[in-house]
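Colleague: here is my input; please provide its structure:
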Amino acid sequence: GYDCGMEFTIAADLPLPYDEAVTAVRAGLADAGFGVLTEIDIKATLKKKLDVDVEPKIILGACQPAFAHAALQADPRVAAIMPCNVVVSADGEARSHIEILDPATMEEFTGTAELGPIAATARQRLTEMLEKLVA
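Modeller: Numbers count the residues shown, from 1 in each chain. Model prediction:
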């Protein structure tokens, strides 16, 4: 990999094919109280716009309304990094990789200390979701 100077995602590998992983992640997010507000199919978009073929990858924009509201109250600028991006990528035929924007980045990016507890709770829920998926 590369060193960007700061870890900004929480990640996991799943022993599931891509389509099954996307379904599992959607269900995991729902169980954790997160709705999916946006979806960007990277593979389809790059094929359409550039006629290039890449491995399947989707960005799910996840949101937990109470966390989002509290975060926006603490610092309205966090809207620029909302919703929380959850990326599912194919890793060969039988494996997938999940990357989630670490909610802790909200406090790190903004310097707003009030975001710390909100981000910690969101991070705990998302981390627990990943742990259940890989169990």
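
Colleague: buried residues in the helix ranked longest in the chain?
Modeller: In terms of residue count, the longest helix belonging to the chain (DSSP state H) is helix 115-134. Residues of helix 115-134 classed as buried: 115, 118, 119, 122, 123, 125, 126, 127, 129, 130, 133 (neighbour count, 16 or more other CB atoms under 10 Å). Where C-beta positions appear, they are placed from N, C-alpha and C, glycine not excepted.

Colleague: okay, those in a markdown table with distance to residue 33 next?
Modeller: Shown next, in a markdown table, are the buried residues of helix 115-134 (distance: CB to CB, whole Å):
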| residue | distance to residue 33 |
| --- | --- |
| 115 | 18 |
| 118 | 13 |
| 119 | 15 |
| 122 | 10 |
| 123 | 13 |
| 125 | 7 |
| 126 | 10 |
| 127 | 14 |
| 129 | 10 |
| 130 | 15 |
| 133 | 16 |
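
Colleague: tell me the one among these nearest to residue 16.
Modeller: Comparing the buried residues of helix 115-134 against residue 16 with CB to CB picks out residue 133 as the nearest, at 8.3 Å.

Colleague: isn't the closest one right next to residue 14, touching?
Modeller: Yes. Contact criterion CB atoms under 8 Å: residue 133 and residue 14 qualify, at 5.8 Å.
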